[in-house]
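Novice: return a 3D structure for these sequence lines:
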Amino acid sequence: MRTRFNPQPRLDCPPIGEIKLNLNCRDEIIPILRALQHIYSDSKLRREILDLVGEDVNRETSTEHGRPGMDYWQIIVLAAVRLGCDLDYDKLQDLAEQHRNLRLFMGIGDWQEEVDFDWRRIRDNLCHLRPETLTKINRLVVAAGHKLAPEAVKTVRGDTFVVETNIHHPTESSLIGDGLRKVLPLAAELAEQHGLSGWRQHEHILQNVRKLVQKIGRASRAKGKGGPERLKKLYRELLDLAKELLRRAKQLLVSLAFQVQDSQEGIWSASVMPPAMRLHHYLELTRKVCDTARRRVLLGETVPNAEKIFSIFEPETELIKRGKQAKPIQYGHNVLVIEDGVGFICEYQVVGKGVLDQDLVVPVMKKLQKRVGGKIERASFDRSFHTPDNQEHLGKIVRTPCIASKGQEKGRKQQKEGTVAFRKARQSHPGVESAIGAMQAGNGLERCRDKTDRGYERYVGLGVLGRNLHTLGKLLLAQENAQCEAAQSRRKEAG
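Specialist: Residues are numbered from 1 along each chain as shown. Next up is the predicted model:
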């Protein structure tokens, strides 16, 4: 049983629109709460957002039966604060139980000390939100911000950055070890359930696998002359052991008459697959890693990155070479963000595998311009988005297109021959890098802490939501009291 929010006023809980915020505090939570206050006070906006949350939370259940669950408003408050303040679930639980204003915003008064916000309960409720829903909620928040600052949408600037997946540094040996660490217990569990023998010593075998992986790690760091041959010998031993274990695991599935359909695995995430399907899932991934290791280490082949797996647990992870000095290689996915003149992220997208920046700019800008009613006049992107066709097509979408040309000579010529509006766009474009840095440092978008592809997209959506609510709150506070500490920007003060 769930409700949008508790419409019954409590004696120990003031109306959300009348809750007093500490405007002398510069913590991130103050502008986020102010933004939530604005959303709650706008009945139409509140209804649209809570209807979207309700469609996800009660997609297959009734709102009128069962135990009382979290209100939709409580879910959106916790979703806003989670990455708006870059919190893990444990810190979010502590805030939900101890932060007085946050509890008042969720409709929980001082007399309700028994309300439980276990981190598992918070996680399970937030995970009901779909990435598509968060995209719609973000657009509603941005639209509310554009009503306060109509000029903001006239100028936009976009760039991509990498949000890393939460994986360890991948090597073939460690990935084979990860795969067998999942295959052996699952095979032993299935064999025990069906009264089959052959897996009694799986823990001892797993210890041998760990020792081999550790030996390979030490051999790969050795600088002696015999290092490469010793490494090959150890890899051959690990691959032979893995081959035998995977053969036995596959035979176990055959004895259980397990069959997988072509589209069956795509329906499930690994964490909720039935045991037999989960065993098949990890068996196939481990087999692919073993094949890559055999080709690269034993046969001396150069294996393309597109054919490699970089994580057993996050198999869709990409290796991305951005050429940045601090991190030339990153493991994760590219994320496109487009920021407007005030700082709202008015469009974002997790970039598909193998999709280049130059393939994104025109279709994304067409959709964005249509959604905002053709109000965008100037758009700037860096040189990774540049092609002659993109420059031409972007000129048909906005009045002042600005995509930096590749190459120093072409860049100087473009800057020299460009209009005043073009040069102004190039001058202000690096501000999007500042927005990206703020999202990585303050909204958890340096590394995704959630699992699975859907979890990754949801995590990015929550990070963007936190950023947009922070921007909306700052805008409201600046209009109401520009001199208060909560409305000030530390970045401007530091500059």
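
Novice: please name every helix or strand in contact with the strand or helix carrying L465.
Specialist: Assigned by DSSP states H and E, L465 belongs to helix 453-480. Where contact means 3 or more Cβ pairs under 8 Å, 6 or more residues apart in numbering; DSSP states H and E, helix 453-480 is packed against helix 29-41, helix 72-84, helix 131-148, strand 155-164, strand 329-340, strand 345-350, helix 431-442. For every residue, glycine as well, the C-beta is placed using N, CA and C.

Novice: make TSV out of these and add distance to V209.
Specialist: Shown next, in TSV, are these (distance: least, Cβ to Cβ, whole Å):
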stretch	distance to V209
helix 29-41	46
helix 72-84	37
helix 131-148	36
strand 155-164	27
strand 329-340	23
strand 345-350	34
helix 431-442	36
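
Novice: among those, which is nearest N208?
Specialist: strand 329-340 (28.3 Å; Cβ to Cβ).

Novice: ignoring the adjacent residues along the chain, who's closest to I436?
Specialist: F161 (4.8 Å; Cβ to Cβ, 6 or more residues apart in numbering).

Novice: now do that neighbour against I205, distance only.
Specialist: 42 Å (Cβ to Cβ, to the nearest Å).

Novice: which one's more surrounded, those two?
Specialist: F161 (22 against 16; other Cβ atoms under 10 Å).

Novice: does the more buried one touch S434 like I think?
Specialist: No. Using Cβ atoms under 8 Å, F161 is not in contact with S434, being 11.9 Å away.

Novice: so where is the stretch 101-250 of the chain shaky, pLDDT-wise?
Specialist: Along the stretch 101-250 of the chain, the model assigns pLDDT under 70 to residues 112-113.

Novice: do that again at 90, thanks
Specialist: Under the criterion pLDDT under 90, the flagged ranges of the stretch 101-250 of the chain are 107-116, 194, 196-198, 220-229.

Novice: what packs against the helix or strand encompassing K91?
Specialist: Per DSSP H and E: K91 is located in helix 89-98. Where contact means 3+ Cβ pairs under 8 Å, 6+ apart, helix 89-98 is packed against helix 72-84, helix 100-105, helix 119-126.

Novice: cutoff 7 Å now
Specialist: Counting contacts by 3 or more Cβ pairs under 7 Å, 6 or more residues apart in numbering; DSSP states H and E, helix 89-98 packs against helix 72-84, helix 119-126.

Novice: burial of V364, as a residue count?
Specialist: Neighbour number of V364 under other Cβ under 10 Å is 16.

Novice: er, K225 actually
Specialist: K225: 7 neighbours (other Cβ under 10 Å).

Novice: quick check on it: phi, psi?
Specialist: Main-chain dihedrals, K225, degrees, to the nearest 10: phi -70, psi -30.

Novice: any idea how far it is from A487?
Specialist: For K225, the distance to A487 equals 66 Å [Cβ to Cβ].

Novice: before we move on, back to that, can you say which of the helices and strands packed on helix 89-98 is packed in most?
Specialist: By mean neighbour count, with neighbours taken as mean count of other Cβ atoms under 10 Å, helix 72-84 ranks first of the helices and strands packed on helix 89-98 at a mean of 25.

Novice: in JSON lines: the helices and strands packed on helix 89-98, plus distance to S380.
Specialist: Converted to JSON lines, the helices and strands packed on helix 89-98 look like this (distance: least, Cβ to Cβ, whole Å):
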{"stretch": "helix 72-84", "distance to S380": "27"}
{"stretch": "helix 119-126", "distance to S380": "34"}
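
Novice: quick one: which of those is nearest A35?
Specialist: A35 lies closest to helix 72-84 among these, at 7.6 Å (Cβ to Cβ).

Novice: by contact count, what packs against the closest one?
Specialist: With contacts defined as 3+ Cβ pairs under 7 Å, 6+ apart, helix 72-84 has these neighbours: helix 29-41, helix 43-57, helix 89-98, helix 119-126, helix 453-480.

Novice: from the chain's centre, how far out does the first one sit?
Specialist: Going back to what we said before, that points to helix 29-41. Put simply, helix 29-41 sits 23 Å off its chain's centre (Cα atoms, centre = their mean, to the nearest Å).

Novice: likewise the second one?
Specialist: For helix 43-57, the gap between its own C-alpha mean and the chain's C-alpha mean amounts to 22 Å (Cα atoms, centre = their mean).

Novice: and the angle for it with helix 131-148?
Specialist: If you take axes from the mean of the first three to the mean of the last three Cα atoms, to 10 degrees, helix 43-57 sits at 170 degrees to helix 131-148.

Novice: with the third one instead?
Specialist: With the same axes, to 10 degrees applied, the angle from helix 89-98 to helix 131-148 works out at 60 degrees.

Novice: contacts for helix 89-98, please.
Specialist: Helix 89-98 has contacts (Cβ atoms under 7 Å, 6 or more residues apart in numbering) with L78, V81, R82, L87, L102, F117, D118, W119, I122, R123.

Novice: and the gap between the last one and L87?
Specialist: To tie it back to what came earlier, the one meant is R123. For R123, the distance to L87 - Cβ to Cβ - is 12 Å.

Novice: cool, and the fifth one?
Specialist: Separation of L102 from L87 (Cβ to Cβ) stands at 11 Å.

Novice: find residues that contact each of the two.
Specialist: Going by Cβ under 7 Å, 6+ apart, residues that sit against L102 and also against L87 are V81, L95.

Novice: so I320 belongs to a strand, correct?
Specialist: Yes. Under DSSP: H, G, I helix; E, B strand; the rest coil, I320 sits within a strand.

Novice: could you tell me how many residues sit around it?
Specialist: Neighbour count of I320, defined by other Cβ under 10 Å: 19.

Novice: again with R287
Specialist: Neighbourhood size, R287 [other Cβ under 10 Å]: 18.

Novice: before we move on, what about the one 3 residues further on?
Specialist: Other residues within reach of C290 by the criterion other Cβ under 10 Å amount to 21.
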